[in-house]
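> quick one, structure for this:
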Amino acid sequence: MIDPIFIAALLVLGVFSGVLAGMLGIGGGMILVPFLSFLLHKQGVPADHVVHASIATSLAIIVFTSISSMRAHHQAGAIRWDIVKFLTPGILIGGFVGSKIVSYLPTKELALSFGVFVIFSAYQMFADKKPKPSRTLPGAAGMVGMGSVIGGVSSIVGAGGGFLSVPFMVWSNVPVRNAVATSAALGFPIAVFASMGYIINGLHLEGMPSGSLGYIYLPAVACVAVMSVLTAPRGAKLAHSLPVARIKRVFAVLLTFVALSMIYKAITGF
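Residues are numbered from 1 along each chain as shown. So this is what the prediction gives:
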């Protein structure tokens, strides 16, 4: 039987991840993975698989969150579908390949890699560097290549890709609100293909708790997704009314503490 406290913690996590996904276009994975690592380990996921399961479960949750967030941003007319069209083919390839690679990585190394990428993402958010006015998006080949990087890295760290796609688009002089909205749309193909990879590559696992599908722990997906789907549209509305740059800096500080905590757990043992 699943602990009611475990369920309550997942529901609260869903609220925060949904708001952040809608507001910052990050998919929520940067918040989900560290907390899921703690919660899933308490639920019986073996230490050798807990980070992999957290990443896979996070991506499965993002499938639902991204749909809700994408719908809200689309209604606001903020998504650049031309960018989505060119980045998606690369994202599909990178997402599936990344999920295959990560199945071979030990838990400690995977957790350390996650921490480093999160700190990098936090720095990008906090720095908020302004691009040269003349800089534009690359051509079709460059977009597909960048999509492969976004999809691959996102599937490895369990994020919706916003920590790479938003800085990339802003660096290419796409307005930040359009970048956030477009990132929300990109989160869907990233999450779908990466989740499929984690299911296929995790079917052989032993010792996973009841309710697991490959590396994905379905009860956690259900609890978090319900709340994140409900709150993501609220976050999307806030993105169009609040000072996003200031919010990103605050969130960058939070991400740094989360990443350092993850690195500490990796070094000392889960």
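> let me see the ranges of the helices in the stretch 101-250 of the chain.
For the stretch 101-250 of the chain, applying DSSP state H, counting those that start in this stretch gives helices covering 107-127, 140-157, 162-171, 176-201, 218-239, 244-268.
> which among these is found nearest to residue 56?
Proximity to residue 56 (Cβ to Cβ) singles out helix 176-201 among the helices of the stretch 101-250 of the chain, at 3.6 Å. Where you see a C-beta, it was placed from the backbone N, CA and C, and this is true even at glycine.
> pull out the buried residues from the closest one.
176, 178-199, 201 (16 or more other Cβ atoms under 10 Å).
> in the stretch 1-150 of the chain, where is pLDDT below threshold?
Residue ranges of the stretch 1-150 of the chain with pLDDT under 70: 1, 24-29, 125, 128-131.
> wait, residue 18 touches residue 235, no?
Yes - at 6.3 Å, residue 18 counts as touching residue 235 under the criterion of Cβ atoms under 8 Å.
> who touches both of the two?
Common contact partners of residue 18 and residue 235 (Cβ atoms under 8 Å, 6 or more residues apart in numbering): residue 69.
> circling back to that earlier point, out of the helices of the stretch 101-250 of the chain, which gets nearest to residue 32?
helix 218-239 (7.0 Å).
> for that closest one, packing partners?
The contact analysis (3 or more Cβ pairs under 8 Å, 6 or more residues apart in numbering; DSSP states H and E) places helix 218-239 against helix 4-24, helix 29-42, helix 50-75, helix 176-201.
> gap between it and the chain center?
Distance of helix 218-239 from the chain centroid (Cα atoms, centre = their mean, to the nearest Å) equals 13 Å.
> also stretch 39-52?
What separates the centre of stretch 39-52 from the centre of its chain is 19 Å, taken as Cα atoms, centre = their mean.
> may I see the buried residues of it?
39-41, 43, 45-46, 49-52.
> run through the residues that contact the residue of the chain most remote from its centre.
Largest separation from the mean C-alpha position in the chain: residue 134, at 30.2 Å (Cα atoms, centre = their mean). Contacts for residue 134 (Cβ under 8 Å, 6+ apart) come out as none.
> need phi/psi at it.
phi -80, psi -10 (degrees, to the nearest 10).
> now it: how far from residue 176?
18 Å (Cβ to Cβ, to the nearest Å).
> do residue 191 as well
22 Å.
> cool, residue 31 as well?
For residue 31, the distance to residue 176 equals 20 Å [Cβ to Cβ].
> residue 188 touches residue 64, doesn't it?
No - counting by Cβ under 8 Å, residue 188 does not reach residue 64; the two are 9.5 Å apart.
> low-scoring stretches of the stretch 151-270 of the chain, by residue?
158-161, 244-245, 247-248, 250-251, 254-255, 258, 262, 265-266, 269-270.
> let's go with 80 and repeat that
The stretch 151-270 of the chain contains residues with pLDDT under 80 at 154-164, 167, 236, 238-255, 257-259, 261-270.
> can you tell me the closest non-neighbouring residue to residue 52?
residue 215 (5.1 Å; Cβ to Cβ, 6 or more residues apart in numbering).
> correct me, but that neighbour touches residue 200?
No - if you go by Cβ under 8 Å, residue 215 and residue 200 don't touch, sitting 9.8 Å apart.
> show me what contacts residue 64?
Neighbours of residue 64 in contact, by Cβ under 8 Å, 6+ apart: 221, 225, 228-229.
> what about it, distance to residue 200?
The value you get for residue 64 to residue 200, if Cβ to Cβ is used, is 20 Å.
> same check on residue 57?
Distance from residue 57 to residue 200, by Cβ to Cβ: 15 Å.
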